[in-house]
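1. sequence plus the predicted model coming up.
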Amino acid sequence: MSKTFYITTPIYYVNSHPHIGHAYTTIATDVFTRYRRLFGEEAYFLTGTDEHGQKIAESAAQAGIDPQEFVNRMAGEFREMWPPLHIAHDQFIRTTDPEHKSRVQAVLQKIHNQGEIYLKEYEGLYCVGCERFLDESELTPEGDCPDHQKPPQPHKERNYFFRMSAYQEWLVQLLEGNPELVYPGRYRNELLRFLEAPLQDLCISRPKSRLSWGIKLPFDRDFVTYVWFDALLNYPNALGWPDAPRYQKFWPHCHHIIGKDILKTHGIYWPCMLKSAGIPMFKKLVVHGHWVIGGSKMSKSLGNVVSPLDMKARLGVDALRYFLLREMSFGEDANFTEALALARYNGDLANNLGNLISRSITLSRRNFDGQVPPCGELTELETNLRREFTEGVGRVQELVLVFQPHRALELVTQLSSAVNKYIDEHKPWKLAKEPEQHELLGTVLYTALDSTRILVGLLQPVMPEKMAEAQRLFGMSEQPLAFEQLVPGALESGTPLPEPAPLFPKLQMPPTEPAPKPVKKQQPKPAPKQQADAVTSGNGIGMETFQQIRLKVGIVRKCRRVEKSDKLLVSQIDLGEGRLRSIVSGVAEFYTPEQMVGKRVVVVANLKPVKLRGELSEGMLLALDDGTTITVLEAAKTTAPGTPIR
C-alpha cells in the first residue's frame, strides 16, 4: 500500500444548483480520504467546478448577467455546500482560474506542435446538453440523446480535431494489460466493447462566432477549446503540472472518483489526452452508479433532483453520509427515497449502534460509579469476540482499499450486532443483581464498551462529528483515534463516563397516503362450493396449494460469492439426499460466505431448478426481512439435515 494518495471528484458543471448526486460523489471521496489518513497515508483531496461551455453561456444569458458573474455565483453555491456536509477538501479548483487556463493552453500548444491537432469541416448531430457531436450509434431507438432524452440537432461547422484515433490500439492494450485500472471491472469491459468499433477523432474546439465563453486556443484565437479538453486537465493542473513538487509527489497516486455517465470521457478521451501530452497515466478510475428516483437517473435536465440540505435537515448530516455510503453498492444504481433513508437510519444507527452505546454506558455508570469498569478474566466468549473484532478491523481496511464502502459498513453493522448479541447472552442487568457476579459484570461491560470504542473509530471517517461526540461519551478526546488504537483491550478502566444522550434518536417514518375506500358493489349470488384451494379471497392461497410446499432443514457445507454480483451467494447445501444442492440466495450484503458455512437453514426443497446469473439454483432459503436487515432463518443446532418442517 502506497503511503501517498491523491483523490479527485469530477469538477461539477455549474449551469445549475448542486443536488444529492453531487453530494454522494463528494461525500464518498471525503470518506475515502479520511479512511486513507486513518490508515496512515498522506492524502490530498481535490474538487472544484467546471465553468466554461455553451450551457453556461446560455444559463448566464437567461439570468441576464455576464458569464463570469454567473459562474462566480454558482461556484460559490458548490463551495458553500460542502462544509455543512462535513466535507473537508484540500483544494477547490475552478476552470476560470488563471493558472488553469494558462496550463490548458500549454498542453494544447504542445499537442498541436506534435501535429496531432488539425482543422476540418464537420457535419453531424450536436447535443447541447452533452456539448458534443453524437454518433447515431449512441442515440436511443427514438433518436434521442440517452442522457438528456432530447434529439440532437444537425450542425455543420469548421473545428479543430485531436487525432484520438491514433491511440486506439494503445488504449486497448492499456485496458487489457491493466485489469485494475478501472473499477468495478465491468466498466473496463464496457470501454473495451466501445473500442471494438473504430475510434473517431475528437472535436476539441468551438468557433468564437458561436461560443466565446471558453479558453482561447493558443494557435488560433478565433476558437475556444471544447469544454471536456479544458475540464479534464484540472486534475494535474491543480497540483502544479508540469514540475511543481506537489505534482511530483501526488500525481503518480491519482484516483478519479466519477459517476458512470462520464465513463467515456474519463476512460477514452482522458487516457489519450494524457498519452499525447506526455503526462503519466492516473492510477485508478473508480466508477459509481446513479441515484434513481421513480425509475430514472437523478438529473438536473430531468428535473428530479433532491437537495442534500433537505435530507440533511431530516436525517442529520452524518446519518445522511452513512446512508449514502451504506445504501449504494458501489458501482451499482440505487433507489433514493425518504422511507429507505429512514429505515436504514433506524435499523443500523438508532436500534443497533445507538442502542449499543447507550445501554453499555448506562449500565457501566450505574454499576461502577460512573466509570469504565475493570476487566476481569476473559472467558471463551470474550476471547472469540476480540478475535472477531481484530479480524473485522483488518477486513474493513481491505474493503475500503478496494473501494467497497458499502461492504465495509455492512461488516461494521455485523460487528455491532455481535456486541449486542454478547450483551443479550450475558444479561448484565441480571448480573447486577447478583453480588458474587460483580467481576463478571465488569468484564462484560468493559468488553461491550471497548468493542464499541473500536466501532466508533471505524465509523469516524463516515460520521466524523457524531463519532467525536461518541468518543466524548466514552470519556475520551474527540480527536480521531489512530488505526493502531483500534485493537481490543485499549480502553482504560476507571475513565469517567459522562451522562449519555441519544446519539441517534429514532425517527418516525413518513405517513403514507390512506388507501381509497372500496366502492360497494352489488354482491353476486354465492357460487357453488368448490374444493378448498378455490375458496380463497384476495391474494391468499388455498390449503391444497400450501400443502404442496416442502420445507426442509439443510446444512450449508460450502458457500461462495456469485461472480460480478454484490448481492448473491451460491451455497452447497446438505439436505440428507446423498448429494449437495446448489442454491442461490440474495444475502451477500448481510453475510460473508464464511458466516454461511455451517448454518442449519430452512429450504424450500421442491422448487423447479433455475439459473440465476449463470448459477444453478435448486431451491430457496427462507429469511426474515425487516426492511433494513435480512436474517437467514435457522433451525436448532441439533436438527439433522433433511428434517421436514411442518
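-> Perfect, thanks for sending it. Numbering: from 1, shown residues only.
2. low-confidence ranges in the chain?
-> Under the criterion pLDDT under 70, the flagged ranges of the chain are 1-2, 294-309, 510-545, 547, 626-629.
3. what count of nearby residues applies to residue 185?
-> The tally of other residues near residue 185 (other Cβ atoms under 10 Å) stands at 13. All C-beta spots, glycine's among them, are computed from the backbone N, C-alpha and C.
4. leaving aside the residues next to it on the chain, what's closest to it?
-> residue 179 (6.6 Å; Cβ to Cβ, 6 or more residues apart in numbering).
5. quick one: that neighbour and residue 187 touch, right?
-> No. With contact defined as Cβ atoms under 8 Å, residue 179 does not count as touching residue 187 (11.8 Å).
6. ok, back up a step: neighbours around the residue nearest to residue 185, how many?
-> For residue 179, the number of neighbouring residues by other Cβ under 10 Å comes to 10.
7. got the phi/psi numbers for residue 592?
-> Dihedral angles phi and psi of residue 592 (degrees, to the nearest 10) take the values phi -90, psi 160.
8. from residue 185, how far out is it?
-> Per Cβ to Cβ, to the nearest Å, residue 592 is found 20 Å from residue 185.
9. run a quick neighbour tally on residue 293.
-> Using other Cβ under 10 Å as the criterion, residue 293 is surrounded by 17 other residues.
10. if it is in a bridge, with which residues?
-> With beta bridges defined as DSSP bridges, residue 293 has these partners: residue 296.
11. tell me how far the residue nearest to residue 185 lies from residue 186.
-> According to Cβ to Cβ, residue 179 stands 12 Å off from residue 186.
12. again, but for residue 645
-> As for residue 645, its distance to residue 186 is 39 Å (criterion: Cβ to Cβ).
13. more neighbours, those two?
-> Neighbours per residue (other Cβ under 10 Å) separate residue 645 from residue 186, with residue 645 holding more: 16 against 13.
14. run a quick neighbour tally on residue 575.
-> By the other Cβ under 10 Å criterion, the neighbourhood of residue 575 contains 21 residues.
15. sorry, wrong one. I was asking about residue 458.
-> Residue 458: 27 neighbours (other Cβ under 10 Å).
16. same question for the one 4 residues further on.
-> The burial metric for residue 462, expressed as a neighbour count using other Cβ under 10 Å, is 26.
17. and it, that one's in a strand?
-> No. Under DSSP: H, G, I helix; E, B strand; the rest coil, residue 462 sits outside any strand and is assigned coil.
18. residues contacting it?
-> 31, 34, 318, 321-322, 325, 405, 409 (Cβ atoms under 8 Å, 6 or more residues apart in numbering).
19. between those residues, which sits nearest residue 158?
-> Residue 158 lies nearest to residue 31 out of these, by Cβ to Cβ, at 46.2 Å.
20. and that closest one, how far from residue 90?
-> Plainly put, residue 31 is 15 Å away from residue 90 if you go by Cβ to Cβ.
21. grab the nearest non-local neighbour of residue 261.
-> Excluding the flanking residues, the one nearest residue 261 by Cβ to Cβ, 6+ apart is residue 147, at 6.1 Å.
22. check contacts around residue 457.
-> When the contact criterion is Cβ under 8 Å, 6+ apart, the partners of residue 457 are 38, 467, 480-481, 483, 485-486.
23. following the helix or strand containing it, which helix or strand comes up?
-> Residue 457 is part of helix 438-459, with elements assigned from DSSP states H and E. Where DSSP H and E defines the elements, the next helix or strand beyond helix 438-459 is helix 464-473.
24. alpha carbons only: can I get that following helix in PDB?
-> Coordinates of each C-alpha in helix 464-473 appear next as PDB, following Å, rounded to 0.1, in the frame of the first residue of the first chain:
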ATOM      1  CA  PRO A 464     -16.900  12.500  11.900                       C
ATOM      2  CA  GLU A 465     -18.900  14.700  14.200                       C
ATOM      3  CA  LYS A 466     -21.200  12.000  15.600                       C
ATOM      4  CA  MET A 467     -18.300   9.700  16.300                       C
ATOM      5  CA  ALA A 468     -16.400  12.600  18.000                       C
ATOM      6  CA  GLU A 469     -19.400  13.000  20.200                       C
ATOM      7  CA  ALA A 470     -19.400   9.300  20.900                       C
ATOM      8  CA  GLN A 471     -15.800   9.400  22.000                       C
ATOM      9  CA  ARG A 472     -16.700  12.100  24.400                       C
ATOM     10  CA  LEU A 473     -19.300   9.800  25.900                       C
END
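25. could you say what helices and strands it packs with?
-> Counting contacts by 3 or more Cβ pairs under 8 Å, 6 or more residues apart in numbering; DSSP states H and E, helix 464-473 packs against helix 317-327, helix 355-367, helix 438-459.
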